[in-house]
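Trainee: predicted model and sequence follow; I will ask about them next.
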Amino acid sequence: MEDLLRGKDFCTIVDEQIVFHELDYDQNAIWSLLLAGGYLKITGYEVVEPELGREGTAYHLALTNLEMVVIFRKMIRGWFALCSSSYNDFIRALLENDLESMNAYMNQVALALASSFDSGNKPSEKSEPERFYHGLVLGLMVDLSNRYIITSNRESGFGKYDVLLEPRNYADDGIIFEFKVSDARKEKSMDDTAKTAICQIIDRKYAACIEGKCGRDRIRVYGFAFREKEVLIQGGWLREYLRE
């Protein structure tokens, strides 16, 4: 969806015989439905070799026109309309490096929006709680797009960071987020989980891609720990962690 809103396309197999109940378990079905409804257009195609029992033609899909881009942007903003007052406060707290307020507002929003199914009672592939909170934080960041280039799951250093905010000008700080679900089998507390997330940012050098623009003195790192509907955020200046 992020690539679509940026004018890019993606490749997937399209099934012209849409059955609505397939939307519950076939991730390709939704794209077939949007194509049939005129929200997406075909920009190219390629032949797919048999794989996992599927074969045929894969199509490159993109949003039909500028009007569709506007519609999808409004739709995504609407998903977060119920917590608009909180996410404005969250952004304000983030820009001021106010950890206490960031924690307060994130817990307020998580409590209002997250169900136990979304957030998960424990780390698992089925509930994928990290993805839920990853998407939630990206939604909260949307109003910063005029000041930051916001990217997620991109390679930097020796791995892939979760969310990175690259400043568009040199007056703002670079910011990196890493999300982790608290696992009682590995960490004694959520504080340990948040610190593990920060250590991952540092050890894998996720800041490498923005050090040239910001320098280490202008980069902040945050570890997010999640346990069901509870959130704990730890973090601060990268330079301080490098001294420890």
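Mentor: Arrived safely, thanks for sending. Only a predicted model underlies this, so the values are computations on that prediction, with no experimental measurement involved.
Trainee: ok, and the helix or strand in the protein with the lowest average confidence?
Mentor: helix 116-119 (a mean of 49; mean pLDDT, DSSP states H and E).
Trainee: distance from the following helix or strand past it to the middle of the chain?
Mentor: Tracing the chain past helix 116-119, the next element assigned as helix or strand by DSSP states H and E is helix 129-140. Distance, stretch centre to chain centre, for helix 129-140: 5 Å (C-alpha atoms, centre = their mean, to the nearest Å).
Trainee: in helix 129-140, what's buried?
Mentor: Residues of helix 129-140 classed as buried by neighbour count (16 or more other C-beta atoms under 10 Å): 129, 130, 132, 133, 134, 136, 137, 138, 139, 140. The way it works is simple: take the backbone N, C-alpha and C, and place the C-beta from them, glycine included.
Trainee: dump the residue contacts of the second one.
Mentor: The one in question is residue 130. Residue 130 makes contacts with 123, 179, 180, 181, 226, as judged by C-beta atoms under 8 Å, 6 or more residues apart in numbering.
Trainee: any idea how many residues pack against the last one?
Mentor: For residue 226, the number of neighbouring residues by other C-beta atoms under 10 Å comes to 26.
Trainee: what pairs with it across the strands?
Mentor: Legend: beta-bridge partners of residue 226 under DSSP bridges are residue 181, residue 231.
Trainee: check what pLDDT it gets.
Mentor: What the model reports for residue 226 is a pLDDT of 87.
Trainee: so how far is residue 132 from it?
Mentor: 9 Å (C-beta to C-beta, to the nearest Å).
Trainee: and if you look at the fourth one?
Mentor: When distances are taken as C-beta to C-beta, residue 181 and residue 132 turn out to be 10 Å apart.
Trainee: residue boundaries of the strands in the chain?
Mentor: 10-13, 40-51, 54-63, 148-152, 155-156, 159-160, 163-167, 174-181, 219-227, 230-237 (DSSP state E).
Trainee: next, format those as TSV and append distance to residue 27.
Mentor: Below are the strands of the chain laid out as TSV (distance: least, C-beta to C-beta, whole Å):
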stretch	distance to residue 27
strand 10-13	9
strand 40-51	15
strand 54-63	12
strand 148-152	18
strand 155-156	23
strand 159-160	21
strand 163-167	22
strand 174-181	21
strand 219-227	24
strand 230-237	27
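Trainee: now for the ones you listed, which one comes closest to residue 29?
Mentor: strand 10-13 (10.2 Å; C-beta to C-beta).
Trainee: partner strands of that closest one and their direction?
Mentor: Counting by DSSP bridges, strand 10-13 is paired with strand 54-63 (antiparallel).
Trainee: shouldn't residue 28 be in contact with residue 14?
Mentor: Yes - Residue 28 is in contact with residue 14 according to C-beta atoms under 8 Å; the separation is 7.3 Å.
Trainee: these two - which one has more neighbours?
Mentor: residue 14 (20 against 14).
Trainee: how far does stretch 161-180 stretch from start to finish?
Mentor: 12 Å (C-alpha to C-alpha, to the nearest Å).
Trainee: what lies in contact with that stretch?
Mentor: 94, 130, 133-134, 137-138, 141, 144, 146-154, 156, 193-194, 196-198, 200-201, 206-207, 209-210, 213-214, 218-226.
Trainee: ditto for stretch 135-154
Mentor: By C-beta under 8 Å, 6+ apart, stretch 135-154 touches 2, 76-77, 79-80, 87-88, 90-91, 109-110, 113-114, 134, 160-169, 172, 175, 177, 179, 209, 224.
Trainee: state the distance from residue 109 to residue 231.
Mentor: Remark: distance between residue 109 and residue 231 (C-beta to C-beta) = 9 Å.
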